[in-house]
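*Asks:* after the sequence you'll find the predicted model.
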Amino acid sequence: MGAGHNGLTCACYLAQAGLKVLVLERRNLVGGAAVTEEFHPGFRNSTASYTVSLLHPKVLRDLHLAEHGLTLIERPMQNFLPLPDGSAFCAGPTLADTLAAVQHRSPADAARLPAFHAMLERVVHFLRHLVLKTPPARLHGPRDLWSLLALGRELRRLPAETQRDIHELLTRSAGDLLDAWFEWDPLKALHGFDAVVGTFQNPYAPASAYGLLHHAFGEVNGKRGVWGHALGGMGSITQAMAREAARLGVQIRTDAPVAAVLTDRIRGNRPRVSGVQLADGSRLDARIVAANVNPKLLFLELLARETLPAEFRARIEHYRCESATFRMNVALTELPRFSVLPQNGAHHGSGIIIAPSLGYMERAYADARSTGWSRAPIVEMLIPSTLDPTLAPPGAHVASLFCQHFAYTLPNGRSWRDERERAADAIIDTVTDHAPNFRRSIVGALILSPADLEERFGLFGGDIFHGAHGPDQLWAARPVLGHGNYRTPVAGLYVCGSGSHPGGGVTGLPGHNAAREMLQDRRST
């Protein structure tokens, strides 16, 4: 269920093992939130997900994505932050470049930055293999107990300093952590952005430092910690997956929304999946179903209420699911000319972050909590057409605007249908404050509020990660403690989307791991 990147990944691994696989997609194209679409005549862009780094190398290799036409390119500069004092902070493409940019603003921070990166890499090195492992469930079986014992042994072997680093990154706020490391606000903002992106929280929220860690797992073309673009947009990833699925004999049906997951009863009165019912009333029988949808959508809307234990259902009802993300694509007649750096250059191919301090991010969050959306929003802008001219007509460009914080539920009964344009104007004004030609260069736009993201892509609550990333909803507790192993209370029904371990982002890992568990269960029965 769901032809997003995790659903396609799961389907491919199952088909590689010889299973007969059918993928059902409610939209008229595959890809889920990783799609490329024309949004204005002659202008195409990644509609929702917009940049690549977290796609796992094993998935890339196993699904032969390069052979199916996927090309990934690095950003010529990693990040560019226009600053209120009329200067700019340019980070990357290498650590040496970032150090040079920091050195003249804060020599102390430049001295500490290599140690900070080394600390993150040590922790990521330890955790990297865990993203490919299935978390323990109920600890009744030897497999779960053994996995915990093995993890404990690995932790015990680590130096005490690394153990403390892991503890801090999983428990402290990003703001407290960064304040302890650095003094220059823009450097803290550069890293703090990763802690708030796609998560409705301020950088001083407890345990928000995990966001730094989650975004440090990535790589592009073997270079770790690097972000880049998929030529042709993010849809190139899922189109390559779809081609591999077709090669393996997977059937993909679009315009086939699932209305209900069907079950019957087996011994012990435990429910077992028996198939799905489509919106047109037709029924498809199946002994195994994998759901690449948000856990709330699956358990609260697609399964009959009496199917699930009341306690489990109550936990799902309280599953935190809101990323406060507002997404725009704009068609431009020319590149933005930033007041602090007006000439064309590598900064146009970077991740352009408008959020110069952690305090700015705090205020954006406070605004959204009190009024529904931030008056001075956090904006990341990418202009992929600077690296991929196929996305726009000659001389023109497309830009992705990925913005925080915009609450899914607006106060005082207001609706996103009425507020969408006002919020978009606030975002455009924010960019125009730094690039005066920006507003007048826009000839077309696709505007997606949190409600639009839910309606268009099935992102429950507008949540791009299928659920908040926090210690209460990660690893063995994603989506619910006791069911972090991709299995559900319904026999034969599995979860394979970002609402399962290791969480959100275009990784392919939930689909990869779920397929492995499905195949293991099939071999053992």
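*Replies:* Received it, and whenever you're ready, just let me know what you need.

*Asks:* if I look at Gly32, how far off is Glu121?
*Replies:* Between Gly32 and Glu121 the computed distance is 31 Å (CB to CB, to the nearest Å). (C-beta placed from N, C-alpha, C; glycine too.)

*Asks:* give me the more crowded residue out of the two.
*Replies:* Neighbour count, other CB atoms under 10 Å: between Gly32 and Glu121, Gly32 has more, with 28 against 14.

*Asks:* which residue is the nearest non-sequential neighbour of the more buried one?
*Replies:* Leaving aside its chain neighbours, Gly32 sits nearest to Gly4 (2.3 Å; criterion: CB to CB, 6 or more residues apart in numbering).

*Asks:* run through the bridge partners of the one you found.
*Replies:* Gly4 has these beta-bridge partners by DSSP bridges: Gly31.

*Asks:* so who does it touch?
*Replies:* Gly31, Gly32, Ala33, Ala34, Thr238, Asn292, Gly497 (CB atoms under 8 Å, 6 or more residues apart in numbering).

*Asks:* ok, so of those residues, who is nearest Leu151?
*Replies:* Gly497 (24.2 Å; CB to CB).

*Asks:* ok, and what's touching stretch 102-122?
*Replies:* For stretch 102-122, contacts defined as CB under 8 Å, 6+ apart pick out 89, 95, 98-99, 162, 165, 181-184, 186-187, 212-213, 216, 224-225.

*Asks:* list the buried ones in it?
*Replies:* Val102, Arg105, Ser106, Asp109, Ala110, Arg112, Leu113, Phe116, Met119, Leu120, Arg122 (16 or more other CB atoms under 10 Å).

*Asks:* the first one: which element?
*Replies:* This points to Val102. Using DSSP states H and E, Val102 sits in helix 95-103.

*Asks:* that older thread, let's see which of the contacts of stretch 102-122 end up in helices.
*Replies:* Leu95, Thr98, Leu99, Thr162, Asp165, Trp181, Pro186, Leu187, Leu212, Leu213 (DSSP state H).

*Asks:* give the contact list for the first one.
*Replies:* It refers to Leu95. Leu113, Pro114, His117.

*Asks:* could you dump those to JSON lines with secondary structure and pLDDT?
*Replies:* Output for the contacts of Leu95, formatted as JSON lines (DSSP: H, G, I helix; E, B strand; the rest coil; pLDDT from 0 to 100):
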{"residue": "Leu113", "secondary structure": "helix", "pLDDT": "97"}
{"residue": "Pro114", "secondary structure": "helix", "pLDDT": "96"}
{"residue": "His117", "secondary structure": "helix", "pLDDT": "94"}
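
*Asks:* show me the helices in the stretch 251-400 of the chain, by range?
*Replies:* Using DSSP state H, counting those that start in this stretch, the helices of the stretch 251-400 of the chain run over residues 295-296, 310-317, 358-371.

*Asks:* and of these, who's closest to Trp475?
*Replies:* Proximity to Trp475 (CB to CB) singles out helix 295-296 among the helices of the stretch 251-400 of the chain, at 14.9 Å.

*Asks:* quick one: contacts of the closest one?
*Replies:* Residues contacting helix 295-296 (CB under 8 Å, 6+ apart): 316-317, 319, 321, 460-461, 466-467, 479-480, 495, 499-500.

*Asks:* go with 10 Å
*Replies:* With CB atoms under 10 Å, 6 or more residues apart in numbering as the test, helix 295-296 has contacts from 315-321, 460-461, 463, 466-467, 473, 478-480, 483, 488, 495, 497-500.

*Asks:* please apply the same query to stretch 130-143.
*Replies:* Contact with stretch 130-143 is made by 54, 56, 58, 124, 144-148, 150-151, 154, 214, 217, 474-478, 481-487, 500-503, 507, 509-510, 512-514, 516-517, 520, as judged by CB under 10 Å, 6+ apart.

*Asks:* domain parsing for the chain?
*Replies:* 5-36+45-72+231-320+461-524, 119-226, 322-457 (automatic domain parsing).

*Asks:* ok, which of these comes nearest Gln78?
*Replies:* domain 322-457 (6.0 Å).

*Asks:* so Asp144 touches Arg487, yeah?
*Replies:* No - counting by CB atoms under 10 Å, Asp144 sits too far from Arg487 to count as a contact (11.9 Å).

*Asks:* neighbour-wise, which of these two wins?
*Replies:* Ranked by neighbour count (other CB under 10 Å), Asp144 and Arg487 place Arg487 first, with 20 against 17.

*Asks:* now for the more buried one: which residues touch it?
*Replies:* The neighbours of Arg487, taking CB under 10 Å, 6+ apart as the test, are Thr134, Ala137, Leu493, Tyr494, Val495, Ser500, Ala514, Glu517, Met518, Asp521.

*Asks:* beta partners for it?
*Replies:* On the basis of DSSP bridges, Arg487 is bridged to Tyr494.

*Asks:* so where do the strands sit in the stretch 401-525 of the chain?
*Replies:* Using DSSP state E, counting those that start in this stretch, the strands of the stretch 401-525 of the chain run over 442-448, 493-495.

*Asks:* packed most tightly, which of those would that be?
*Replies:* Among the strands of the stretch 401-525 of the chain, ranked by average contacts under mean count of other CB atoms under 10 Å, first place goes to strand 493-495 (a mean of 25).

*Asks:* tell me the mean pLDDT for that strand?
*Replies:* Average pLDDT, strand 493-495: 98.

*Asks:* and if you look at stretch 244-261?
*Replies:* 98.

*Asks:* for stretch 10-20, same thing?
*Replies:* Average pLDDT, stretch 10-20: 98.

*Asks:* quick check: buried residues in it?
*Replies:* Those would be Cys10, Ala11, Cys12, Tyr13, Leu14, Ala15, Gln16, Leu19, for stretch 10-20 by 16+ other CB under 10 Å.

*Asks:* adding secondary structure and distance to Ala346 as columns, could you present those in JSON lines?
*Replies:* Formatted as JSON lines, the buried residues of stretch 10-20 follow (DSSP: H, G, I helix; E, B strand; the rest coil; distance: CB to CB, whole Å):
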{"residue": "Cys10", "secondary structure": "helix", "distance to Ala346": "38"}
{"residue": "Ala11", "secondary structure": "helix", "distance to Ala346": "39"}
{"residue": "Cys12", "secondary structure": "helix", "distance to Ala346": "36"}
{"residue": "Tyr13", "secondary structure": "helix", "distance to Ala346": "38"}
{"residue": "Leu14", "secondary structure": "helix", "distance to Ala346": "42"}
{"residue": "Ala15", "secondary structure": "helix", "distance to Ala346": "42"}
{"residue": "Gln16", "secondary structure": "helix", "distance to Ala346": "40"}
{"residue": "Leu19", "secondary structure": "coil", "distance to Ala346": "46"}
